[in-house]
Structures are given as C-alpha cells and as structure tokens.
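# Sequence and predicted structure below; questions after.
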Amino acid sequence: MVSKISSDAIDADTNQVFFTFGLVPLILLAWRPSRTSSESKGRTVGIVWAFVTGILGGTGNIAFFRALGSGGKASIVAPVTALFPLVTVVLAITLLRERFGTAQKIGLGLALVAIYLLSM
C-alpha cells in the first residue's frame, strides 16, 4: 500500500533511489573488514554476487514501481510480483537439474493459476 501511494507521487526511478538509500544503514551494520587473505578472497566473490543481486533486485523494484505508477492496481501488482520464486523454480529445474515431487508440481500449478486469476 505504501508503494502504491509513493508511486502516485514519485516516478519509479526516484522511488528506487529512495529505496536504495534506505538500505545504506543496513549495509553499514553488515560491513566489517576481512581478517585473513582467504576470507578476503571469499568476501570478494560474495561482494560480486551481492552486487549482481542488487542490480537485479533494483531492476525488479523499478519494474514494480513503474507498474504501480502506470495505473496498475496494487491488489494485482503486489501478489503477482510476490510470485518471483517461480523464477528460482525454473532456474533450479533447468540449471541445477533438480527434480520436483508431486506436491511441488501441484504448488507450481496453483501459482500459475493464481497469476491467471489475478490478471482477470
């Protein structure tokens, strides 16, 4: 609801800038210098993956704010964007070759039905 209200008054890009600035205090709390060279190497890899995650997350946030700002109903946009774990499921199946049981297949099917029903 707050995202919808802010999207009515502020464009998507500015909304993302404010969202990012809101994360700065958390980043400062989590940041600490590395103690050993092996810890430093692992930390560098982690920072790269965190950066990629941040870029993708920021892109998703901008799309979310643009959907709300262009007249999208919060009651539809928010639940549909909350189905982002479907991307993880698809990647797990295709890249990691994970197998799904019956319960997972039913859950995936229900999520797809939910997207369809929400879009009507």
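Perfect, thanks for sending it. Just so it is clear, the model here is predicted, and its values are computed rather than measured.
# ok, the nearest residue to Ile10 once chain neighbours are set aside - how many residues close by?
Take Ile10 and drop its neighbours on the chain: the residue closest to it by C-beta to C-beta, 6 or more residues apart in numbering is Phe18, 7.5 Å away. Yep, even glycine has a C-beta here, placed from its N, CA and C like the rest. Look at Phe18: counted by other C-beta atoms under 10 Å, it has 10 neighbours.
# List the contacts of the helix or strand Phe18 falls within.
Taking DSSP states H and E as the definition, Phe18 sits inside helix 12-30. Helix 12-30 has contacts (C-beta atoms under 8 Å, 6 or more residues apart in numbering) with 3, 6-7, 10, 58, 61-63, 65-66, 69.
# Repeat that for stretch 54-64.
For stretch 54-64, contacts defined as C-beta under 8 Å, 6+ apart pick out 3, 12-13, 15-16, 19-20, 77, 81, 84.
# got the buried residues for that stretch?
61-62, 64 (16 or more other C-beta atoms under 10 Å).
# picking that back up, the helix holding Phe18: what's the following helix or strand?
According to DSSP H and E, the helix or strand after helix 12-30 is helix 37-69.
# For whichever helix or strand comes after that following helix, list the C-alpha coordinates in CSV.
Once helix 37-69 ends, the next helix or strand along the chain (criterion: DSSP H and E) is helix 74-81. The C-alpha trace of helix 74-81 is given here as CSV (Å, rounded to 0.1, in the frame of the first residue of the first chain):
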residue,chain,number,x,y,z
ALA,A,74,-1.8,-2.7,-6.0
SER,A,75,-4.1,-5.7,-5.4
ILE,A,76,-2.9,-7.3,-8.6
VAL,A,77,0.7,-6.0,-9.0
ALA,A,78,1.9,-6.9,-5.5
PRO,A,79,0.7,-10.5,-5.5
VAL,A,80,2.0,-11.2,-9.0
THR,A,81,5.4,-9.8,-8.2
